[in-house]
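**Q** any chance you can model this:
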Amino acid sequence: MLEDYCDFLRIRNLREWQRDHPYAVRLRRLNRQPGANYETFRKGIEHPDPAICVNVIMGLVKVTNYLLDQQIRRLERDFLREGGLRERMTRARLAERDKQRKRQQNSP
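**A** Numbering: from 1, shown residues only. So this is what the prediction gives:
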């Protein structure tokens, strides 16, 4: 998908914003806003200048890819540390059985 936007810029002889471009800096600031949503970026996404529109969308795609990569790494780490769903369910079930056994042994 990102390649399509790069092609769009290339075909129209438009430039992708560099990290230090003022609009790119502004976009990064907006991305850090708590609760950012479509309305936060509407002005850029719906801008009549296609260079602005495409660069904003590309920035959002890059942030989304970064966040998804972070989530995948976290899920992998958690899986290695805690096991898969079945393993966790089995541990939880065995722990509950142990609690019930202990309660039965301690009751008069």
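**Q** give me the pLDDT for the residue nearest the centre of the chain.
**A** In the chain, the residue lying closest to the centroid (CA atoms, centre = their mean) is Leu67, at 2.9 Å. Here, the pLDDT recorded for Leu67 equals 94.
**Q** okay, now the unreliable bits of the protein?
**A** 108 (pLDDT under 70).
**Q** mind listing the helices for it?
**A** For the chain, the helices defined by DSSP state H occupy 2-11, 22-31, 38-45, 50-82, 85-106.
**Q** so what's Asn65 up against?
**A** Counting by CB atoms under 8 Å, 6 or more residues apart in numbering, Asn65 touches Leu2. For glycine as for every other residue, the C-beta is placed from the backbone atoms N, C-alpha and C.
**Q** one more time with 10 Å, if that's ok
**A** Neighbouring residues of Asn65 by CB atoms under 10 Å, 6 or more residues apart in numbering: 1-2.
**Q** that one and Ile72, how far apart?
**A** Noted for Asn65: a distance of 11 Å to Ile72, by CB to CB, to the nearest Å.
**Q** now Met58
**A** Taking CB to CB, one finds Met58 at 21 Å from Ile72.
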